[in-house]
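Enquirer: Sequence below, structure please.
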Amino acid sequence: MLLVTRVKLSFMMFLEFFIWGAWFVTLGTYLLSELATSATQVGVAFLTQSIGAIVAPFIIGLIADRFFPAQRILGVLHLVGAALLWYASVVPDFDSFYPVILVYMILYMPTLALVNSVSFRQMQDPSKEFPPIRVLGTLGWIIAGLTIGWLNWEQNGNLGLTFRMASIASAILGLFSFTLPNTPPVKGAGKASIGDMLGLEAIALLKNRSYLTFFLASVAICIPLAFYYNFTNPFLNELGMESAAGKQAMGQMSELLFMLLMPLFFVRLGVKKMLAIGMFAWVLRYAFFAFGDIEANYWMLIGGIVLHGICYDFFFVTGQIYTDNLAGPRFKSAAQGMITLATYGVGMLMGSLLSGVIVDAYQSAGGGHDWQSVWLIPAGIAGGVLLLFLLLFKDRTGGNKAVEENPTIIASGTTEVNSLS
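Expert: As a prediction, the model looks like this:
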């Protein structure tokens, strides 16, 4: 790959995830403090991600793969998104805010697949060339969080500026996308059925009892996952943590570290133990949040954030690799599409609705919350999922053999669902 192409793709990835991290992490705090919403409304706002994830395959399957170059669609979506984000920063109430952010997420979620498509089409060996480029995306998310913390927007009540910062970055990426390498539609692409776009042709994998157990566990574990994404920032700010968004970026830093260590762990532990460790990390994270505080147990709050690397990498990335290995050449893309739809579509949607109702139920008369009771609920859900998984899952696929022979599969396994990283 030419150096200029590598630099362009890296800058594209940086902006793609900087845009998301610039407003998504602090969305709950913004809605509760500046738009005076209920926690239930916060959950409804976050489920726009799930709606976007469900709609995304239709946009990619019907348009990007068949009619127009991917880089042009990427540019148009981000330019429209820039206008929507700016408008979202000035609307006065939730009733005006929600439809704007809903349309935005329907447009944004397909861009996650588009940036991967643009990248892969320029590569001879994606397993080696993609990771150094994709890591710039995680760095963009981290920089966005650190910027919000450094500017002290959470404490100053200026979180509306996060949408404007994201809007400017989206406009830059929208214009920059038209300079990216040409990525034309796939030649000979025929008509796509709904089943093709949603990956439903891989549904035969569910006949495997252990994979069915993993599949259901993946959907269920996304319910407590929604608690983390939706309410960690409001929780930390309510406790009085300074620069909460910046400290949350330590979760992405740990993700990078554990991503590097995963090939070693995978070979030593195998699929079942890796998945189980990932789920146990969810239980431990929420227990830390339940009993942590801003004084003597401050380390628990930081520990809960840093556990993100294990929570995400050990369960979701391992699960993507397990799915890829089990599916075989014919159903690889379809299988990843199916698990993406199930987790970030169905699972996160249920979690977003449930988390908001629960946080509202534990709101105190003074406006605060009984966070210990709140966090023990997702801890219990994650613990129940872990127990059932340990009892029912048996890996007979040799899931770690492929990684033992080619550790770079870890990198390619992250490309389908790296959205909340």
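Enquirer: What's the first helix or strand after the longest helix along the chain?
Expert: Across the chain, the longest stretch assigned as helix under DSSP state H is helix 244-291. Once helix 244-291 ends, the next helix or strand along the chain (criterion: DSSP states H and E) is helix 298-306.
Enquirer: Who are the packing partners of that next one?
Expert: If contacts are counted by 3 or more CB pairs under 8 Å, 6 or more residues apart in numbering; DSSP states H and E, helix 298-306 sits against helix 209-239, helix 244-291. All C-beta spots, glycine's among them, are computed from the backbone N, C-alpha and C.
Enquirer: what stretches of the stretch 151-300 of the chain score poorly on pLDDT?
Expert: Residues of the stretch 151-300 of the chain that meet the criterion pLDDT under 70 lie in 186-202.
Enquirer: if you set the cut-off to 90 instead, what comes out?
Expert: Along the stretch 151-300 of the chain, segments meeting pLDDT under 90 span 152, 154-157, 182-211, 214-215, 222, 229-230, 242-246, 248-249, 251-274.
Enquirer: ok so, going back, out of the helices and strands packed on helix 298-306, flag the one nearest Y344.
Expert: helix 209-239 (7.1 Å; CB to CB).
Enquirer: can you confirm Q124 is in a strand?
Expert: No. Assigned with DSSP: H, G, I helix; E, B strand; the rest coil, Q124 falls outside any strand and is coil.
Enquirer: Next, the contact list for it, please.
Expert: The neighbours of Q124, taking CB atoms under 8 Å, 6 or more residues apart in numbering as the test, are M1.
Enquirer: could I get the helices and strands packed on helix 298-306 as CSV with distance to L85 and mean neighbour count?
Expert: Formatted as CSV, the helices and strands packed on helix 298-306 follow (distance: least, CB to CB, whole Å; neighbours: other CB atoms under 10 Å):
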stretch, distance to L85, mean neighbour count
helix 209-239, 18, 22
helix 244-291, 17, 20
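Enquirer: Adding distance to V100, write those out as TSV.
Expert: Listed next are the helices and strands packed on helix 298-306 as TSV, based on distance: least, CB to CB, whole Å:
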stretch	distance to V100
helix 209-239	18
helix 244-291	22
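Enquirer: Of those helices, which is nearest V385?
Expert: V385 lies closest to helix 209-239 among those, at 4.7 Å (CB to CB).
Enquirer: just the angle between the closest one and helix 298-306, please?
Expert: Angle between the axes of helix 209-239 and helix 298-306 is 140 degrees (criterion: axes from the mean of the first three to the mean of the last three CA atoms, to 10 degrees).
Enquirer: now for helix 209-239, which elements pack on it?
Expert: Against helix 209-239 (3+ CB pairs under 8 Å, 6+ apart) you get helix 27-34, helix 39-46, helix 153-156, helix 244-291, helix 298-306, helix 318-340, helix 348-361, helix 371-392.
Enquirer: just how off-centre is it within its chain?
Expert: Relative to its parent chain, helix 209-239 has a centroid offset of 11 Å by CA atoms, centre = their mean, to the nearest Å.
Enquirer: Let me know the secondary structure of K394.
Expert: Under three-state DSSP, K394 comes out as coil.
Enquirer: Count the residues that sit near it.
Expert: 11 (other CB atoms under 10 Å).
Enquirer: ok, it to G75 distance?
Expert: Distance of K394 to G75, given as CB to CB, to the nearest Å: 47 Å.
Enquirer: got it, and V357?
Expert: Distance, V357 to G75, using CB to CB: 39 Å.
Enquirer: okay, these two: which has more neighbours?
Expert: Between V357 and G75, counting by other CB under 10 Å, G75 is the more crowded of the two (21 against 12).
Enquirer: In the one helix or strand S10 maps to, which residues are buried?
Expert: Assigned by DSSP H and E, S10 belongs to helix 3-24. Neighbour-count burial for helix 3-24, counted by 16 or more other CB atoms under 10 Å, picks out 6, 8-24.
Enquirer: Show me what it is packed against.
Expert: Judged by 3+ CB pairs under 8 Å, 6+ apart, the packing partners of helix 3-24 are helix 70-88, helix 94-120, helix 126-151, helix 160-177.
Enquirer: Which secondary structure elements does the longest helix of the chain sit against?
Expert: By 3+ CB pairs under 8 Å, 6+ apart, helix 244-291 packs against helix 126-151, helix 209-239, helix 298-306, helix 308-310, helix 318-340, helix 371-392, helix 401-405, helix 409-412.
Enquirer: That one versus helix 27-34: what angle between them?
Expert: Angle between the axes of helix 244-291 and helix 27-34 is 90 degrees (criterion: the same axes, to 10 degrees).
Enquirer: Contact partners for the residue nearest to L353 when sequence neighbours are not counted?
Expert: Excluding the flanking residues, the one nearest L353 by CB to CB, 6 or more residues apart in numbering is G43, at 5.6 Å. The neighbours of G43, taking CB under 8 Å, 6+ apart as the test, are A226, N230, S352, L353, L354, S355, G356, V357, V359.
Enquirer: Give me the phi and psi for the closest residue to P92 other than its chain neighbours.
Expert: Of all residues not flanking P92 in the chain, L35 sits nearest, at 7.9 Å (CB to CB, 6+ apart). Backbone geometry at L35, expressed as degrees, to the nearest 10, gives phi -110, psi 0.
Enquirer: what does Q363 give?
Expert: The phi and psi values for Q363, taken as degrees, to the nearest 10, are phi -80, psi 130.
Enquirer: Pull up the gap between the nearest residue to it once chain neighbours are set aside and A217, please.
Expert: Distances taken as CB to CB, 6+ apart place H369 nearest to Q363, at 5.3 Å, with adjacent residues excluded. Distance, H369 to A217, by CB to CB: 28 Å.
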